[in-house]
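Trainee: Have a look; sequence and predicted model below, questions after that.
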Amino acid sequence: MPPKVRELIAELEKEGFVNRGGKGSHRSFVHSKVPKPITISGKPGDDAKQYQVRAVRLALEELKK
């Protein structure tokens, strides 16, 4: 079962990412140690898409380097 969008957002915020806002259901998260912003779309209760999960995992790995 895929994680919910709210779970991905919570993971990012726990690691220090800041929500920069966005249009509609899109949210852009930035961190000073990660060069590219991470965009998460969808309502908080929606299932996250596989590409969103992958993007969050890669960003968290980049942060630990």
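Mentor: Cool, the structure landed.

Trainee: Not counting the helix or strand hosting Leu58 itself, show me its contacts.
Mentor: Using DSSP states H and E, Leu58 sits within helix 50-64. Residues from elsewhere that reach helix 50-64 (C-beta atoms under 8 Å, 6 or more residues apart in numbering): 2-3, 5, 8, 11-12, 15-17, 29, 31, 33-36, 38-42. For glycine as for every other residue, the C-beta is placed from the backbone atoms N, C-alpha and C.

Trainee: ok, 6 Å please
Mentor: Residues from elsewhere that reach helix 50-64 (C-beta atoms under 6 Å, 6 or more residues apart in numbering): Leu8, Glu15, Lys33, Val34, Ile38, Ile40.

Trainee: give me the beta-bridge partners of the last one?
Mentor: With beta bridges defined as DSSP bridges, Ile40 has these partners: Arg27.

Trainee: ok, it - how many residues close by?
Mentor: 23 (other C-beta atoms under 10 Å).

Trainee: give me every residue that touches it.
Mentor: Contacts of Ile40 (C-beta under 6 Å, 6+ apart): Leu8, Arg27, Gln52.

Trainee: Check the gap between the last one and Arg27 for me.
Mentor: This means Gln52. Separation of Gln52 from Arg27 (C-beta to C-beta, to the nearest Å): 11 Å.

Trainee: Same question for the first one.
Mentor: Here Leu8 is placed at a distance of 10 Å from Arg27 (C-beta to C-beta).

Trainee: Val5 too?
Mentor: Using C-beta to C-beta, we find Val5 at a distance of 9 Å from Arg27.
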